[in-house]
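Participant: What follows is a predicted protein model with its sequence.
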Amino acid sequence: MSFAAEFDQIGRILAHVRDRAGITQATLAKTMGSNTTRVFRMESGEVLPTDDEVKAYLKSINTDLASDCLRYLKAKWIDPVRRPAFPHPDWESLLIIDRQLARIDELKADPETKAVFVRALDLYAADLMRCSDFLKRVDHYLVFIGVVSVGKTSAICTSLGLTLDKEELPFARRMVLEVGGGRTTLCEVRVEAGPQYGLIVEPCTDEEIRRYVLDYADHLLAIAKQPPRPKVTDAEKPTKKVRSKEKPKPGATEEVPWISEEMARAIRGLSGLSEAQAQLLAKSFPVREELAIQILTRMDLLRRDETTVWCEDGDPKIKELEWLQKTFKEINNGRRPGFSLPRRIKVVVPGKLFDGQYINIGVVDTKGVDQASARADIDSHFDDPHAILLLCTKFGEAPDLPTISLIGRAMSLHTDASLDERMVLLVLPRNEEAVDMKDEATNDFVETDEAGYDVKLAHIHHALQPLRADQLPVRFLNATSKRDVEGFRSFVVNQFSAVRQQYIHRVADAVEKLDELVKHRTREERALVLADVMDRLGVWARDNTRLEEIRRPDQMLEDAISSIHARTLWASVRREGAWENFDYYYQLGYATRQIVANTAGERVKNLKAVIDNLAGNPDYANAREFLRQIAEHVDAAVENLTRQAQVFGETIYRDPLHSASTYWDKCERVYGTGGPYRSVVAEETRTWFGDAAVRDLYRRLTAEVNRAWEELVRGLQEILEAPAESAVSKA
């Protein structure tokens, strides 16, 4: 069968290779001894080219991509489903996986293969499938995470070239994405490559908007009830220096119902109100629901059904980046006609964002972190093996406490070795901060930014040592430095390449180890060693069939409630706990995951000790590779277990807690009464979870976690119990 006939999109593949080479159809037709019409019909799919035509076509282009394409088209796949679309950076590694999986099936079916080796083959197959799942996907994300006002957005704009070429403007005003010292970006923003400049908005639901408007109505009404501030004469005013150091005095404003500055600004934009007009409206409509209706009516949400907007081509008056800056600002502030309140904004720019060969790198600007509690939108990126996480911190504070907290949580939950490459500390110096550092040997100011970075790097490594994270990659990026920006862009491409290379090396290593196993698969002495190892590890499995009781996750929820801002807690209470900035159910799920990771981790630590002892014994040298596989299998199984536990924790408590109207009413009413709000809510939470019916939910959670743990142990036991020889022969 013709290899060209195996591909439905052979014309598209050929056209892509030609386009990348910058050759016209006419030039190519002449070089390959054909005609333009034939080339056009081949590329459009009107005719199926012969194998000779495909070879002539690609050899006439004569580029590395063309040679790669010809090898790809001629390659024979055992399972065509595993074949990725072309171009693909790692198709040859995927081809190796395809052939090795088929090889493993053949070995398992061979009656000469000793039964104990079958389990080792199963482990290799599982690892190869994990590598295949990772390598096949070419979409990656560079995720910026950091506290409010750390400088993430400026770093993104300068790194991606999203800056206006107007040197006369102040630095912040040249950024295409809106910046302003924090509290500016309304929601998560993603930047991705596309056909042209544009914006795609995922809007909030009408119910979400209604909730935000009710929050804003409460905020306005609380301000309206405050007594006017007495006028202060010039003589009574403190000097600038004194005023800058004074802390605000406690007063009624501390208990004004909370809504973020950026959300309040967007609501005013959607409703066409200035701040003064909104406050006057509150005086005219002093009832919360009536005020909210007035604001919602002005928003005219039924007419706000647009979700995409593109920069029009061919208009010389429109400068694309200026258009993008203006349009993004309008949407972000609720001032773009036809657009509703955004939950997420996708910024589309033409061409690749980075020069990574055949991989797509998107950028995520997360909402600023302003507290230590877990957040689903951020934690999801830690679970994505295709994401690189840039933990952003200011130069003077590096690493700041929220970043240290994130690193600690990630390292305690994840066993994935690639996290070492995926997590990066990104330090964002401003102005002359780097050269303000002093050389510790001479106590003199350093002379260059690089020297200042070296001094700060030593401080960072020292601060990370207690977390055992002092090997964490650290990068410095001053958004105003072209040298830093260019170095950062190269670093990003290299880092993604390193992450993918980890999996490519795993594939090559698996092939090497399989070759070794094939040599010895019929040898009795190796089989006996493996059987002995299986028996010894089986003792651990038999002794650890249950986790028994786990710590209650509501205790960690109480801790989180006691540590977050009172206004954030109140906003979550108003939504029966379902709010992205502090989600009760996510907190319960995440707490369950942490508890199970710690509990299971202690059990697995004992197993790893057994594995290390066996691997260090010369008598078991022939089983070391199998022991390594077992350790990796258990790590992957525990990671999966903790994710299951998170789902259990979220779902088991959700419905009963969400419908606990008495609890929510109590927690909402106490806000603004002058008491310690967080302490009161924590106490109410303790009382609710202490109820007998709710304790039954905890017992159900414990049972679900133990069931999942038993499945994990049973899976390990199946690996350690080699099948009978007859079973292998029949496979």
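Facilitator: All right, it came through fine. Numbers count the residues shown, from 1 in each chain.
Participant: Please count neighbours and contacts with C-alpha atoms only from this point.
Facilitator: Will do.
Participant: Can you check the pLDDT for Pro248?
Facilitator: Note on Pro248: pLDDT of 40.
Participant: Please apply the same query to Lys319.
Facilitator: We have a pLDDT of 88 for Lys319.
Participant: do the same with Gly251
Facilitator: Per-residue confidence at Gly251 stands at 35 (pLDDT).
Participant: now the most centrally placed residue in the chain: how far from Arg422?
Facilitator: Residue closest to the mean C-alpha point of the chain, counted by C-alpha atoms, centre = their mean, is His381 at 1.5 Å. For His381, the distance to Arg422 equals 10 Å [C-alpha to C-alpha, to the nearest Å].
Participant: Need the residues touching each of the two.
Facilitator: 387, 389 (C-alpha atoms under 8 Å, 6 or more residues apart in numbering).
Participant: Where do the domain boundaries of this protein fall?
Facilitator: 1-74, 140-203+306-434+463-493, 523-730 (automatic domain parsing).
Participant: Including distance to Lys283, could those go into CSV?
Facilitator: CSV is the format used below for the domains of the chain (distance: least, C-alpha to C-alpha, whole Å):
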stretch, distance to Lys283
domain 1-74, 64
domain 140-203+306-434+463-493, 23
domain 523-730, 20
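Participant: Compare those and report which one is nearest to Asp515.
Facilitator: Nearest to Asp515 among these is domain 523-730; the distance by C-alpha to C-alpha comes to 12.5 Å.
Participant: Strands of the stretch 1-150 of the chain, start to end?
Facilitator: Shown for the stretch 1-150 of the chain, the strands assigned by DSSP state E, counting those that start in this stretch span residues 139-145.
Participant: and the closest residue to the residue nearest to the centre of the chain other than its chain neighbours, bridged to which residues?
Facilitator: Ranked by C-alpha to C-alpha, 6 or more residues apart in numbering and with sequence neighbours excluded, the top spatial neighbour of His381 is Ala387, at 6.3 Å. Ala387 forms beta bridges with Tyr141, as assigned by DSSP bridges.
Participant: now the one 5 residues further on
Facilitator: Here Cys392 shows beta-bridge partners Leu426, assigned using DSSP bridges.
Participant: Wasn't Leu530 part of a strand?
Facilitator: No - applying DSSP: H, G, I helix; E, B strand; the rest coil, one finds Leu530 to be helix, outside a strand.
Participant: That one: what's it in contact with?
Facilitator: Each residue near Leu530 by C-alpha under 8 Å, 6+ apart is listed here: 116-117, 622-623, 626.
Participant: and of these, the nearest to Val17?
Facilitator: Taking C-alpha to C-alpha as the measure, Phe626 is the one of the contacts of Leu530 closest to Val17, at 43.5 Å.
Participant: Show me the one of the domains of the chain that comes nearest Ala264.
Facilitator: domain 140-203+306-434+463-493 (9.2 Å).
Participant: now the helices for the stretch 151-300 of the chain?
Facilitator: For the stretch 151-300 of the chain, the helices defined by DSSP state H, counting those that start in this stretch cover 152-160, 206-225, 240-245, 261-271, 275-284, 288-299.
Participant: how close does Ile504 get to Gln100?
Facilitator: Ile504 is 14 Å from Gln100, by C-alpha to C-alpha.
Participant: is it true that the residue nearest to His381 touches Leu142?
Facilitator: Yes - contact status for Ala387 versus Leu142: in contact at 5.9 Å, counting by C-alpha atoms under 8 Å.
Participant: Val705 contacts Ala645, doesn't it?
Facilitator: Yes - using C-alpha under 8 Å, Val705 is in contact with Ala645, at 6.1 Å.
Participant: Overlap of the contact sets of these two?
Facilitator: By C-alpha under 8 Å, 6+ apart, the residues touching both Val705 and Ala645 are Val596.
Participant: And for the closest residue to Leu199 other than its chain neighbours, the neighbour number?
Facilitator: Spatial nearest neighbour of Leu199, chain neighbours left out: Val347 (4.8 Å); criterion: C-alpha to C-alpha, 6+ apart. Val347 has 20 neighbours, counted by other C-alpha atoms under 10 Å.
Participant: On the three-state scheme, Val347 is what?
Facilitator: Applying three-state DSSP: Val347 is strand.
Participant: What's opposite it in the beta bridge?
Facilitator: Val191, Leu199.
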